[in-house]
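Participant: below: sequence and its predicted model.
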Amino acid sequence: MSVKKWVMRQGDKTLANNLSEKFNIDPFIAYLLVARGIDSELAFSEFVCESVKLISPYVFKDMDKACEAIKQAMRENEKICVFGDYDCDGVTSTAILLSFLQKEGADVFHYIPSREGEGYGLNNSAIDEIAAKGTKLIITVDNGISAIEEAEYIYSLGMKLVVTDHHQPSQELPRAQAVVDPHRKDNELEFRDYCGAGVAFKLICALSGENIDELVDEYIDLVAIGTIGDVVPLVNENRVFVREGLRRINNNPRTAVKAFKDINADKVYSANDIAFQLCPKINAVGRMSHANAAVDFLMSSDYSSCCEKFKVLCSENTNRQEEEKSILDDIFKKIAKRPELVSNRVIVIEGEGYHQGVVGIVASHIVEKYSKPAIIIGIDENGVARGSARSIEGFNIFEAIGSCKEDIIQYGGHPLAAGVTLEAENISLFTKHINEYALNEYEIMPPQKLTVDCMLSPYYLGLDLVNNLSVLEPYGASNPQAVFRINKMKLVSVTPMSEGKHIRLELEKRGRTIRVVKFSSPYDEFPFSQGDFLDLAVRVSDNLFNGRRYLSVQALDVRLSSADDGRYFEEKNDYELYVQTKKADKSLYPSREISAEIYRYISALGGYNFGIDNLYFRLQSKLSYAQLIFALRAFEESSLISIKGEKIIINRVNKKVNLEETQVLRELKERISFE
């Protein structure tokens with residue numbers, strides 16, 4: 001079980017009412033927008049406006065120089081290479097610029113490095129291959145801002161470089177005819193969080209100089225796919241890109257998108273649909289083989305060919321899922337043998353042969369399950385270890401890795417995701433040092449959070465609410481689907497779905513009954529029983545079935561109404577501080593009465609199958625988190641119980657047991673220094 005801290009948004013109700021009247025929007029929706037920070041007339045107007053407003057591309061520093069260099073190469077009929085990246089953003093960026101330059105008559109080709117063989121960004125081997133084709137100008141998309149040495153090598157071979165990127169630059173920019181990056185400090189941009197595809201689109205707008213509406217019609221769907229795939233904030237121009245891109249996808253799709261859509265031809269696709277159904281398939285090709293297949297798919301105009309190419313994307317995505325499951329299974333086996341792997345503040349787990357295209361996704365799963373930063377490392381046959389890190393909001397994993405420079409070869413990334421390369425023999429030291437950093441810099445580890453828009457009575461759940469919420473679309477980063485908290489619902493029944501992989505809950509409150517689906521929650525692992533009073537964090541949408549619309553309510557999280565998550569995180573942090581520092585006080589020690597209470601509870605149930613965290617919330621009013629852990633460890637040492645993963649098994653013991661004589665409690669007592 002992954003416990004999240006529920007954080008409620010707060011908004012000014014008076015301001016929301018005023019904006020509701022001025023813009024003729026439902027007051028409840030106006031409140032949701034104000035609570036999300038859209039709290040001025042200008043911001044409100046821009047958010048709800050349906051017109052296409054795009055800023056001038058020339059506001060970007062060096063955009064004029066980029067256009068001049070590219071147009072000069074085209075005038076002189078020089079060969080141009082578009083150098084992209086292997087993820088969804090890089091693929092769409094490549095397709096946008098490559099397609100535009102081809103239509104303008106440029107002598108142009110593209111190059112995307114292989115994830116496994118070359119890694120991210122420009123490299124000298126690729127540059128040699130590009131130069132051998134007679135190339136005079138390289139244009140990067142979605143990469144290049146950190147290619148300081150590679151840029152010098154490009155010029156040493158007599159070529160020129162234009163960089164377009166959206167990643168954070170260092171103090172030194174690469175040598176180039178132009179460096180177009182919204183995060184350059186000398187930009188005069190109010191909004192900077194574009195993806196690579198967004199920057200590539202601004203470039204072709206600048207190159208065209210006119211007929212921007214035609215460019216929107218032709219390329220905005222690719223911009224939308226890249227924007228969604230890179231999970232950049234769906235605000236400002238990104239919101240326009242995605243809104244207009246979805247309009248194109250649903251009403252007049254390019255051939256490749258039509259091949260994707262025809263799997264469910266009558267469906268109206270949302271940003272979430274693109275995020276979960278198309279973007280992973282584009283990403284999968286770059287992860288498992290080579291991203292060129294995805295570029296070819298997006299640029300193909302032959303329907304039959306697109307259908308075949310899409311099958312390749314689907315096949316690679318299946319391969320990716322199988323590889324992901326294989327690595328996760330191996331990791332969970334390691335954790336079962338060595339539970340201490342997940343007791344650290346930063347989880348670091350390595351394995352030989354872990355596929356580099358998948359370790360980042362696996363790290364995300366580990367973060368979700370254990371609510372801690374995680375680094376998953378694959379070791380190749382040469383003993384080189386490459387890891388991918390994912391974090392939780394409030395813990396800067398990039399800085400944490402950077403604090404261990406003596407243990408690593410190289411690293412890169414940002415606060416929530418990063419990559420690291422090191423020698424396999426240094427993994428233990430790296431693990432030790434990054435956890436020492438976490439202990440020193442974060443006295444209290446930030447909890448994983450679930451942001452809730454507001455509390456809602458179950459009586460308000462209906463299709464009218466779904467209709468009103470459509471104003472918020474398209475959903476994505478910084479503009480997620482609304483989440484509502486529903487309190488003190490009595491659980492009436494739990495029904496398994498899809499062979500027990502998902503569940504449907506029936507809940508009741510004051511005569512109002514609702515049905516809620518919880519995905520990826522196996523029936524036999526659901527820790528709540530009929531009669532429990534539960535709080536739920538839910539999303540609402542509609543489903544179309546046999547021509548009729550039905551309300552769909554999906555639970556993101558469920559917990560006992562009596563649960564105190566603030567206390568849980570404080571007490572768990574106290575326990576983990578003890579694990580790492582061995583500093584303790586009396587509040588950690590389970591008294592004889594507390595130990596007896598715990599044992600009576602699990603004995604009455606014949607054991608407990610739902611994990612220690614769920615057991616803690618059942619007993620929270622009677623003990624602390626550390627007291628529960630130490631009591632269970634003492635029970636296990638005395639052979640009263642066995643702990644197998646999430647299950648606590650009661651053992652038959654025919655001898656009298658003195659828990660205070662167990663090693664775990666003796667050591668704890670010594671640490672506390674009882675008088």
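Facilitator: Arrived safely.
Participant: how about the helices in the stretch 401-550 of the chain?
Facilitator: 427-441, 463-469 (DSSP state H, counting those that start in this stretch).
Participant: what's the burial count for residue 237?
Facilitator: 20 (other C-beta atoms under 10 Å). To be clear about C-beta, it is placed using only N, CA and C from the backbone, and glycine gets the same treatment.
Participant: which secondary structure state does residue 6 sit in?
Facilitator: With DSSP: H, G, I helix; E, B strand; the rest coil as the basis, residue 6 sits in strand.
Participant: please name the residues that touch it.
Facilitator: Applying C-beta atoms under 8 Å, 6 or more residues apart in numbering, we find residue 6 in contact with 449, 450, 452, 485, 537, 557, 565.
Participant: go with 10 Å
Facilitator: When the contact criterion is C-beta atoms under 10 Å, 6 or more residues apart in numbering, the partners of residue 6 are 447, 449-452, 483, 485, 535, 537, 556-557, 559, 563, 565-566.
Participant: out of those residues, name the ones that lie in strands.
Facilitator: Of the positions in the contacts of residue 6, 449, 450, 451, 452, 485, 535, 537, 556, 557, 559 sit in strands, assigned by DSSP state E.
Participant: hang on, the fifth one packs against residue 536?
Facilitator: Yes - under the criterion of C-beta atoms under 10 Å, residue 485 lies in contact with residue 536, with a separation of 7.3 Å.
Participant: list the contacts for residue 242?
Facilitator: Contact analysis of residue 242 by C-beta under 10 Å, 6+ apart lists 220-221, 223-228, 232, 234, 249, 270-271, 274, 473-476, 479.
Participant: on that earlier part again, and the contacts of residue 6, which is closest to residue 519?
Facilitator: Nearest to residue 519, judged by C-beta to C-beta, of those is residue 556 at 9.4 Å.
Participant: before we move on, back to that, so for residue 485 and residue 536, which sits in the more crowded spot?
Facilitator: Neighbour totals were compared for residue 485 and residue 536, and residue 536 leads with 25 against 17 (other C-beta under 10 Å).
Participant: thinking again about what came up before, who touches both of residue 485 and residue 536?
Facilitator: Common contacts of residue 485 and residue 536 (C-beta under 10 Å, 6+ apart): residue 557.
Participant: tell me which of the helices of the stretch 401-550 of the chain is the most buried.
Facilitator: Among the helices of the stretch 401-550 of the chain, helix 427-441 has the highest mean neighbour count (mean count of other C-beta atoms under 10 Å), at a mean of 17.
Participant: in stretch 356-366, what counts as buried?
Facilitator: 356, 357, 358, 359, 360, 361, 362, 363, 365, 366 (16 or more other C-beta atoms under 10 Å).
Participant: hmm, I was thinking of stretch 410-426
Facilitator: In stretch 410-426, counting by 16+ other C-beta under 10 Å, buried: 411, 412, 413, 416, 417, 418, 419, 420, 422, 423, 424, 426.
Participant: closest to residue 157 among those residues?
Facilitator: Checking the buried residues of stretch 410-426 against residue 157 by C-beta to C-beta gives residue 412 as the nearest, at 24.9 Å.
Participant: what does the helix or strand bottoming out on mean pLDDT in the chain contact?
Facilitator: The weakest-scoring helix or strand in the chain, judged by mean pLDDT, DSSP states H and E, is strand 410-414 (a mean of 82). Strand 410-414 has contacts (C-beta under 10 Å, 6+ apart) with 119-121, 146, 167-168, 386-391, 396-398, 401-402, 404-405, 418-422.
Participant: at 6 Å instead, please
Facilitator: Strand 410-414 has contacts (C-beta atoms under 6 Å, 6 or more residues apart in numbering) with 398, 401, 419, 420, 421.
Participant: so what's the gap between it and the chain middle?
Facilitator: 17 Å (C-alpha atoms, centre = their mean, to the nearest Å).
Participant: quick one: strands adjacent to that strand?
Facilitator: strand 417-423 (antiparallel) (DSSP bridges).
Participant: related to what we said a few turns ago, and the helices of the stretch 401-550 of the chain as a markdown table, adding mean pLDDT and distance to residue 208?
Facilitator: Formatted as a markdown table, these follow (pLDDT from 0 to 100; distance: least, C-beta to C-beta, whole Å):
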| stretch | mean pLDDT | distance to residue 208 |
| --- | --- | --- |
| helix 427-441 | 95 | 48 |
| helix 463-469 | 94 | 37 |
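Participant: select, out of these, the one closest to residue 88.
Facilitator: Minimum separation from residue 88 across these (C-beta to C-beta) falls at helix 463-469, 26.6 Å.
Participant: contacts for that closest one, please.
Facilitator: Residues outside helix 463-469 that contact it (C-beta under 6 Å, 6+ apart) are 26, 29, 482, 540, 542, 551.
Participant: stretch 272-286 now?
Facilitator: With C-beta under 6 Å, 6+ apart, stretch 272-286 has contacts from 86-88, 91, 115, 228-229, 260, 291, 293-294, 313-314, 316-317, 320, 475.
Participant: which phi and psi does the residue nearest in space to the middle of the chain have?
Facilitator: The residue lying closest to the centre of the chain (C-alpha atoms, centre = their mean) is residue 364, at 6.7 Å. Phi and psi for residue 364, reported as degrees, to the nearest 10, are phi -60, psi -40.
Participant: pLDDT score assigned to the residue nearest to it when sequence neighbours are not counted?
Facilitator: Nearest residue to residue 364 in three dimensions, chain neighbours excluded: residue 390, at 4.9 Å (C-beta to C-beta, 6 or more residues apart in numbering). If you check residue 390, the pLDDT there is 96.
Participant: how about the helices of the stretch 201-350 of the chain, start to end?
Facilitator: Going by DSSP H, counting those that start in this stretch, the stretch 201-350 of the chain shows helices at 212-229, 236-251, 255-261, 271-273, 279-288, 292-299, 303-337.
Participant: could you dump these to JSON lines with mean pLDDT and distance to residue 605?
Facilitator: Listed next are the helices of the stretch 201-350 of the chain as JSON lines, based on pLDDT from 0 to 100; distance: least, C-beta to C-beta, whole Å:
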{"stretch": "helix 212-229", "mean pLDDT": "95", "distance to residue 605": "45"}
{"stretch": "helix 236-251", "mean pLDDT": "95", "distance to residue 605": "49"}
{"stretch": "helix 255-261", "mean pLDDT": "95", "distance to residue 605": "49"}
{"stretch": "helix 271-273", "mean pLDDT": "93", "distance to residue 605": "39"}
{"stretch": "helix 279-288", "mean pLDDT": "94", "distance to residue 605": "40"}
{"stretch": "helix 292-299", "mean pLDDT": "97", "distance to residue 605": "51"}
{"stretch": "helix 303-337", "mean pLDDT": "95", "distance to residue 605": "23"}
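Participant: quick one: closest of those helices to residue 377.
Facilitator: It's helix 303-337; of the helices of the stretch 201-350 of the chain, that one is closest to residue 377 (C-beta to C-beta) at 10.9 Å.
Participant: quick one, that closest one and helix 292-299 angle?
Facilitator: Calculated by axes from the mean of the first three to the mean of the last three C-alpha atoms, to 10 degrees, helix 303-337 forms an angle of 140 degrees with helix 292-299.
Participant: in helix 303-337, what's buried?
Facilitator: When neighbours are counted by 16+ other C-beta under 10 Å, the buried residues of helix 303-337 are found to be 306-307, 309-310, 312-313, 316-317, 319-320, 323-324, 326-328, 330-331, 335.
Participant: low-scoring stretches of the stretch 451-600 of the chain, by residue?
Facilitator: Under the criterion pLDDT under 70, no range of the stretch 451-600 of the chain is flagged.
Participant: residue ranges of the strands in it, please?
Facilitator: 454-455, 484-497, 502-509, 512-518, 533-545, 548-560 (DSSP state E, counting those that start in this stretch).
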